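Peer 1: How does the following fold in three dimensions:
(2 chains)
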Number of protein chains: 2
Amino acid sequence: MAEKLLVSGSIAYDCIETPLDKADYILGGSASYASLASSYFAPTLISGIVGNDFKESDVKRLTARAIDISNIKFEQSKPTFFWRGKYHDNFNSRETLDVQVNVYEDYKPELNAEARSAKYVLLGNISPVVQTAVLDMIESPKFVIVDTMDLWINIERQALEAIVKRADLLILNDSEAKLFSGERNIICAGKKLMGFGAKSVIIKTGEYGAMLFHKDGFFVVPAFPIESLHDPTGAGDSFAGALAGYLAGCDDTSFEAIRKGMVVASATASMTVESFSCYKLEENGLDEINRRRDYIKKISCSD
Amino acid sequence: MAEKLLVSGSIAYDCIETPLDKADYILGGSASYASLASSYFAPTLISGIVGNDFKESDVKRLTARAIDISNIKFEQSKPTFFWRGKYHDNFNSRETLDVQVNVYEDYKPELNAEARSAKYVLLGNISPVVQTAVLDMIESPKFVIVDTMDLWINIERQALEAIVKRADLLILNDSEAKLFSGERNIICAGKKLMGFGAKSVIIKTGEYGAMLFHKDGFFVVPAFPIESLHDPTGAGDSFAGALAGYLAGCDDTSFEAIRKGMVVASATASMTVESFSCYKLEENGLDEINRRRDYIKKISCSD
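Peer 2: Numbering: from 1, shown residues only, chains lettered A, B, ... in the order given. Alright, predicted model coming up:
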């Protein structure tokens, strides 16, 4: 029986320039990417705040995926969180050209009764102070996923460490895992992060896939092989969203379920990077996710 | 029925300094690493040249693994090929401090009748001119593996391209694959290298494992997770050697056999990097290779 999933994090407008293309004011932010991904697997509630420039067409993109938007605060005094970034050197480096926090300045999350009763919670990448405020409102969480980024490791370490202790699963990428743990070997990093109090840890390794550290074992999923990288933005958020949605959708938090969820998440994330925003994912949907999931299984088992 | 495998390449003495330890005049070189690895799977003949400083104890290390050394030329006028290197920044970069080609200067490989009749040939990393001279002596090769490195891509590209056209399998690492193909996306690099004429291509991705590009499909093997990196030297040579040995040992060159061989190769290479030279591999042998092979299978299949 599917459980509902609460996804919190940022909802943003992004202006992105890549070596191939550019896009202005497209829907971005960790909660947008994650909830669009999770919506294929579980009833999803999104929590966040948007501003006076938020487009009706973007509201419709969320509701078209049956995402419950009643925990999005529509603030009329300021614009939506804004990020402008540029990918250089054939996607090998990313530069932030502008960030305007806007509505997320002094943001105090609020949740309705439906959201507070969620058993599955994805605390998408945002300040650990906001993540903590959200989690404090959840009545009896069954499985809490914390995603983060280098910024919070550097400037909000104490709050991050506190929320990680309450996590069933911590998700970060390889450079963040090395930064947070102080280890340079990725296996040592994962093991050390397990000691930080999260019950399990996933380290995302970009074009190579992701690794799971769990008390019941270790698991590696490859990335779905793509030739047409269009925009890497949001890949990690989509991965986390699809995984969280998968677990909520089958209401199973076992090692086996997380492994299967990682395959689905790898498939979903590969579609996110083949277009700006989540356009390709929204266009191709579950059939293409399942096709890629089956392909990933095929290319990773030797027998 | 096992076929014999001819392994050619360099036989060297290495002086290596790592952030953890140092070792002087230890047996190294692509053919040494590869033949010690392949010896666990197939009758192995090694081809190369050593000098007047080559130690009897190193001869014994090869013969103890039943490696046929009758195609090693023992040259008394000069010392063995010598390499001194240092790993910096917690193994993230390697610096060559000294190279003395010594006996490999003007080296003309010679093979006896036994070696010329080999069906399986691993042309370990060395100048493509030497690789070509070896392959030209093989009467009717069934499966030819070519390993290489950035140096030859940069200074011997024409000869390298010619030998690659004769290869059943080209093996290189991710940065070499990107350099050789001119592509920055690893999947695009693999596909472009397939167009260079090798029947299949393996791109090694270090701590992440390796990927196979083959007309019958794509395959990814993860690295065996290790916490105790001691010396990365020779990991790629061991990988190539174990894979070549596995294929010769079962006399099977199918896509399925290469996939299974890559799992064995990943297991073997993980032991090489846990000590200087191949000490750990020689100490623990096939039982530990098989244990790691089974573990890699377990961590890479989600069902």
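Peer 1: Now do the host helix or strand of A:V130: everything it contacts.
Peer 2: Taking DSSP states H and E as the criterion, A:V130 maps to helix A:128-137. With C-beta atoms under 8 Å, 6 or more residues apart in numbering or on different chains as the test, helix A:128-137 has contacts from A:6, A:8, A:47, A:104, A:107-109, A:111, A:115-116, A:121, A:123, A:141, A:144, A:146, A:148, A:152, A:156, A:159-160, A:162-163, A:166. All C-beta spots, glycine's among them, are computed from the backbone N, C-alpha and C.
Peer 1: let's go with 6 Å and repeat that
Peer 2: Contacts with helix A:128-137, where a contact means C-beta atoms under 6 Å, 6 or more residues apart in numbering or on different chains, come from A:S8, A:P109, A:L111, A:R116, A:L123, A:W152, A:E156, A:A159, A:L160, A:I163.
Peer 1: Show the contacting residues for the residue minimising distance to the centre of chain A.
Peer 2: The structure's chain A has its C-alpha centroid closest to A:D237; by C-alpha atoms, centre = their mean the separation is 2.3 Å. Shown in contact with A:D237 (C-beta under 6 Å, 6+ apart): A:S30, A:Y33, A:A34, A:G124.
Peer 1: Relative to B:E183, which of the residues you listed is nearest.
Peer 2: Nearest to B:E183 among the contacts of A:D237: A:Y33, at 27.1 Å, using C-beta to C-beta.
Peer 1: sec struct for the closest one, please.
Peer 2: Three-state call for A:Y33 (DSSP: H, G, I helix; E, B strand; the rest coil): helix.
Peer 1: got it, and A:F41?
Peer 2: A:F41 is classified as coil under three-state DSSP.
Peer 1: How many neighbouring residues does it have?
Peer 2: 25 (other C-beta atoms under 10 Å in any protein chain shown).
Peer 1: Name the helix or strand for the closest residue to it other than its chain neighbours, please.
Peer 2: In this structure, A:F41 finds its nearest non-sequential neighbour in A:G245, 3.4 Å apart by C-beta to C-beta, 6 or more residues apart in numbering or on different chains. Counting by DSSP H and E, the element that carries A:G245 is helix A:235-250.
Peer 1: The helix or strand just after that helix near chain B anywhere?
Peer 2: Next helix or strand after helix A:235-250 toward the C-terminus (DSSP H and E): helix A:255-272. Yes: remark: helix A:255-272 sits within contact range of chain B at A:R259, A:K260, A:V263, by C-beta under 6 Å from any C-beta of the partner chain.
Peer 1: Would you mark the buried spots in helix A:255-272?
Peer 2: Neighbour-count burial for helix A:255-272 flags A:257-272 (criterion: 16 or more other C-beta atoms under 10 Å in any protein chain shown).
Peer 1: A:G182 and A:I163: what is the separation?
Peer 2: From A:G182 across to A:I163, the span is 19 Å (C-beta to C-beta, to the nearest Å).
Peer 1: what kind of secondary structure is A:L281 in?
Peer 2: Applying three-state DSSP: A:L281 is helix.
Peer 1: Give me the nearest residue to it, chain neighbours excluded.
Peer 2: Spatially, and ignoring its direct neighbours in sequence, A:L281 is nearest to A:M271 (4.5 Å; C-beta to C-beta, 6+ apart).
Peer 1: How much space separates A:M271 from B:N185?
Peer 2: In terms of C-beta to C-beta, A:M271 sits 16 Å off from B:N185.
Peer 1: repeat for A:E110
Peer 2: Counting by C-beta to C-beta - A:E110 and B:N185 are separated by 43 Å.
Peer 1: more neighbours, A:G182 and A:I163?
Peer 2: A:I163 (25 against 9).
Peer 1: tell me the contacts of that one?
Peer 2: Contacts for A:I163 (C-beta under 6 Å, 6+ apart) come out as A:P128, A:Q131, A:T132, A:V146.
Peer 1: and the two most separated of those residues?
Peer 2: A:T132 and A:V146, at 10.0 Å, using C-beta to C-beta across the contacts of A:I163.
Peer 1: Looking at those two, which is more packed in?
Peer 2: Shown here are A:T132 and A:V146; by other C-beta under 10 Å, A:V146 has more neighbours (25 against 16).
Peer 1: backbone phi and psi for that one, please?
Peer 2: phi -110, psi 120 (degrees, to the nearest 10).
Peer 1: Could you double-check that it sits in contact with A:L123?
Peer 2: Yes: counting by C-beta atoms under 6 Å, A:V146 sits close enough to A:L123 to count as a contact (4.9 Å).
Peer 1: which neighbours do these two share?
Peer 2: With C-beta under 6 Å, 6+ apart as the test, A:V146 and A:L123 reach no residue in common.
Peer 1: how near is A:L243 to chain B?
Peer 2: Going from A:L243 to chain B by C-beta to the nearest C-beta, to the nearest Å gives 12 Å.
Peer 1: how close does A:I16 get to A:V101?
Peer 2: A:I16 is 18 Å from A:V101, by C-beta to C-beta.
Peer 1: the more surrounded of these two?
Peer 2: Set A:I16 next to A:V101 and count neighbours by other C-beta under 10 Å: A:I16 wins out with 24 against 15.
Peer 1: Is it correct that the more buried one falls within a helix?
Peer 2: No: secondary structure of A:I16 (three-state DSSP): strand, not part of a helix.
Peer 1: can you map out the helices along the stretch 1-150 of chain A?
Peer 2: Using DSSP state H, counting those that start in this stretch, the helices assigned to the stretch 1-150 of chain A run over residues A:30-38, A:56-64, A:113-116, A:128-137, A:150-155.
Peer 1: Which of the ones you listed has the highest mean neighbour count?
Peer 2: Highest mean neighbour count among the helices of the stretch 1-150 of chain A (mean count of other C-beta atoms under 10 Å in any protein chain shown): helix A:30-38, with a mean of 32.
Peer 1: ok, and what's touching stretch A:66-74?
Peer 2: Residues contacting stretch A:66-74 (C-beta under 6 Å, 6+ apart): A:35, A:39, A:44-50, A:62, A:111-112, A:115.
Peer 1: let's go with 8 Å and repeat that
Peer 2: Against stretch A:66-74 from outside (C-beta under 8 Å, 6+ apart): A:6, A:11, A:35-36, A:39, A:43-50, A:54, A:59, A:62-63, A:103, A:110-112, A:114-115.
Peer 1: cool, and stretch A:88-101?
Peer 2: A:15, A:18-19, A:79, A:81-87, A:229, A:232, B:184-185.
Peer 1: 10 Å instead, please
Peer 2: A:10, A:12-13, A:15-20, A:51, A:78-87, A:107, A:127, A:151, A:206-207, A:229-233, A:273, B:178, B:183-185 (C-beta atoms under 10 Å, 6 or more residues apart in numbering or on different chains).
Peer 1: what's the spacing between that stretch and its chain's center?
Peer 2: With C-alpha atoms, centre = their mean, to the nearest Å as the basis, stretch A:88-101 stands 19 Å off its chain's centre.
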